[in-house]
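Asks: coords below, sequence missing:
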Ligand code: GLC
């Protein structure tokens, strides 16, 4: 296979606080991840992306960075990180870090200086503006976590802008000194050997220069959350962001393809498909993979999925490589959205579509959202607008490894509660149950690895009727058919003529697929992969 690793490979997202505690404080850490590398290698993934591990006051659990070039002591040390990198690479696992360039922590020395006086040389590293004529905020922009995105600084008599919490001031990316400092941060980690970055809220980096009011959102309803009061027309996705994304790419590319292959950049971008595509780069290359989050919000219906896939495929620029995501640390888990039976079908979809898949830790266990009582809620997103169900704690709960105390995650009470079904839903137990979703994931990843048609082959839709979604993947002489039953009733699929006599590679329900002549009979919630 000649495709670069980030096209043929599979990425696994680790939320480090919740993966494995290695020092007995109830929180996951780098040593813990190191202890689980054999698990990850056995699962068959190619790269891990670790959510932020830098020194941080943890107001937004690490997405508020106080030092871009170190490791938070709660996660370990730089030496621990280097050791993890070495051990991961020894197993053929690449390591991607989370780069958070849009904002720092308000405790970052840059911001401490910036707010110290209007004359400070770092004043212009952040976005300071005078009050409006009435003394209120400079414009109507709303924080993604609710409330005005402007915070008044009494001492210097100006407002500063924060797209998220007031403890996360936005950096001024129009300032060349900020750009240079942040590019140096990327080099710092590339020099240490990291294989790439997932770039946090990339489309937020540049705001309209004169800070015009955002237009009101006609579709706003209070249940959606305060951030939806206005459309983020002027506060995000400005044309000048693309030069920055291209510069980041040039830095990644300057590390060449020596040794382990290309360094990869993945952009976190929540935008409609046509705008998302710009982040592949039009004049110069930008992101290798602008995250495609559509499956997270998709209507679970064959025709809707088929349209979504076709529209996305058609919108890709020449050479643009697709990617798919079922869940992450910000969104409800796939098992919570679609139930256990369809979580298996969704796994087959994710791992057989054309494009790089990103798995979210514990989705391979079929972990669902864990209800978190108000008094145990930790996520500021949930706490700032309680009652709307916006909190992200339920999707960030500890990985359950075995039947021992605290599910083998920690030796003490974990920072967030375990899933209540952990005595059955844990790695050790599921590894011995041939019907478990964990072993289905193992099989899917093995079939994918053994078949270039799945990893890098062409895609063609075969059917999208009622609850049946079927497509084929083809590479050279290899031709695979994937047929998914998205519902709980039996379905029939007329197989293409060339597929008669095809061989079954895998069924999500673990039984031999039923094929009568040229008709595939799909059982309830069954997905199958056939080799034609
Ligand atoms: C991204 C992260 C999210 C974080 C936000 C602010 O959306 O995924 O967890 O809260 O950025 O950094």
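Replies: Structure received. Small disclaimer: the values here were computed from a predicted structure and weren't measured.
Asks: ok, now which ones touch residue 445?
Replies: By Cβ atoms under 8 Å, 6 or more residues apart in numbering, the contact set of residue 445 is 10, 43-45, 351. C-beta here means a position set from N, CA and C on the backbone, and glycine is covered the same way.
Asks: Which of these fall within helices?
Replies: With helices taken from DSSP state H, the overlap with these comprises 43, 351.
Asks: Quick one: the contacts of residue 445 as TSV, columns for distance to residue 276 and neighbour count too.
Replies: Output for the contacts of residue 445, formatted as TSV (distance: Cβ to Cβ, whole Å; neighbours: other Cβ atoms under 10 Å):
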residue	distance to residue 276	neighbour count
10	21	20
43	29	18
44	28	17
45	24	22
351	22	23
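Asks: and of the contacts of residue 445, the nearest to residue 432?
Replies: residue 43 (15.5 Å; Cβ to Cβ).
Asks: ranges for the helices of the stretch 351-500 of the chain?
Replies: Applying DSSP state H, counting those that start in this stretch to the stretch 351-500 of the chain gives helices spanning 380-384, 427-431, 437-450, 452-456.
Asks: Ok, which of these comes nearest the ligand?
Replies: Nearest to the ligand among these is helix 380-384; the distance by Cβ to the nearest ligand atom comes to 6.7 Å.
Asks: sorry, back to before: please identify which pair of the contacts of residue 445 lies farthest apart.
Replies: With distances taken as Cβ to Cβ, the most widely separated pair in the contacts of residue 445 is 43 and 351, at 11.7 Å.
Asks: from the stretch 301-450 of the chain, which residue is nearest to the ligand?
Replies: Counting by Cβ to the nearest ligand atom, the stretch 301-450 of the chain gets nearest the ligand through residue 330, at 4.8 Å.
Asks: Any figure for the gap between that residue and residue 184?
Replies: Remark: distance between residue 330 and residue 184 (Cβ to Cβ, to the nearest Å) = 28 Å.
Asks: and the two? which has more neighbours close in?
Replies: Neighbours per residue, other Cβ atoms under 10 Å: of residue 330 and residue 184, the larger number sits with residue 330, 16 against 12.
Asks: In contact with the more buried one, which residues?
Replies: When contacts are counted by Cβ under 8 Å, 6+ apart, residue 330 touches 392, 395.
Asks: Mind doing that once more with 10 Å?
Replies: Residue 330 makes contact with 63, 268, 270, 293, 296, 379, 381, 390, 392, 395-396, according to Cβ atoms under 10 Å, 6 or more residues apart in numbering.
Asks: which among those residues are in contact with the ligand?
Replies: By Cβ under 6 Å from any ligand atom, the members of those lying near the ligand are 63, 268.
Asks: Using a markdown table, lay out the contacts of residue 330 together with pLDDT and neighbour count.
Replies: As requested, the contacts of residue 330 are exported to a markdown table (pLDDT from 0 to 100; neighbours: other Cβ atoms under 10 Å):
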| residue | pLDDT | neighbour count |
| --- | --- | --- |
| 63 | 98 | 24 |
| 268 | 99 | 21 |
| 270 | 98 | 17 |
| 293 | 98 | 22 |
| 296 | 98 | 20 |
| 379 | 98 | 21 |
| 381 | 96 | 21 |
| 390 | 96 | 20 |
| 392 | 98 | 22 |
| 395 | 98 | 24 |
| 396 | 98 | 23 |
